[in-house]
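Participant: the following block contains a protein sequence and its predicted model.
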Amino acid sequence: MTTTTSTTAPVANARDLALAHYAARGVLEHVLARHGLTFQQQVALRAAITADTPQTSDDLVTQVQSSLKAHPAHIRATLDELLAERLLVVNGAHLHLTDAGRALMAAVGAETAPISTRIWGDIPAEDLAAAGRVLALVAERANAEFAALSA
């Protein structure tokens, strides 16, 4: 009798996606905690630092809400925390990262870069491309479902 071993890759599902997300987020939150940041604060700072144009408070609330599906009042409280910590500053109608905010984001980036390389570094490009396509489609569908539930 011949025995064969299956080499079929496991089929991804919602649980696998959630486990991967929370594993990676756990690593990031560990690093953020060492710098006194929460995950939501980091998302808001990243939205501010990566924007092509200066962002208003409403702009940042919209971006963070789109990413995290958090309540706008909680996001505004997060922006207030960042302003109080002088990581963001008001300049007219816009919020800007301060030098301290930029330095903090650079420090977090420097600390997470080697970790990210260990996590992602040896995954073949074609696997990353396939995963990227699937994740974009899942996000699109989930966002549509969320919008329908929120309507």
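Facilitator: In hand now; what should we look at?
Participant: need the residue closest to the centroid of the protein.
Facilitator: Closest residue to the average C-alpha location of the chain: Val43 at 5.8 Å, with Cα atoms, centre = their mean.
Participant: other SSEs contacting the strand or helix carrying that one?
Facilitator: Under the criterion of DSSP states H and E, Val43 resides in helix 39-50. Using 3 or more Cβ pairs under 8 Å, 6 or more residues apart in numbering; DSSP states H and E, the elements in contact with helix 39-50 are helix 14-34, helix 57-68, helix 72-84, strand 88-91, strand 94-97, helix 99-120. All C-beta spots, glycine's among them, are computed from the backbone N, C-alpha and C.
Participant: ranking these by burial, who's on top?
Facilitator: By mean neighbour count, with neighbours taken as mean count of other Cβ atoms under 10 Å, strand 94-97 ranks first of the helices and strands packed on helix 39-50 at a mean of 19.
Participant: other residues contacting that one?
Facilitator: 45, 48-49, 54-57, 60, 79, 83, 87-89, 105 (Cβ atoms under 8 Å, 6 or more residues apart in numbering).
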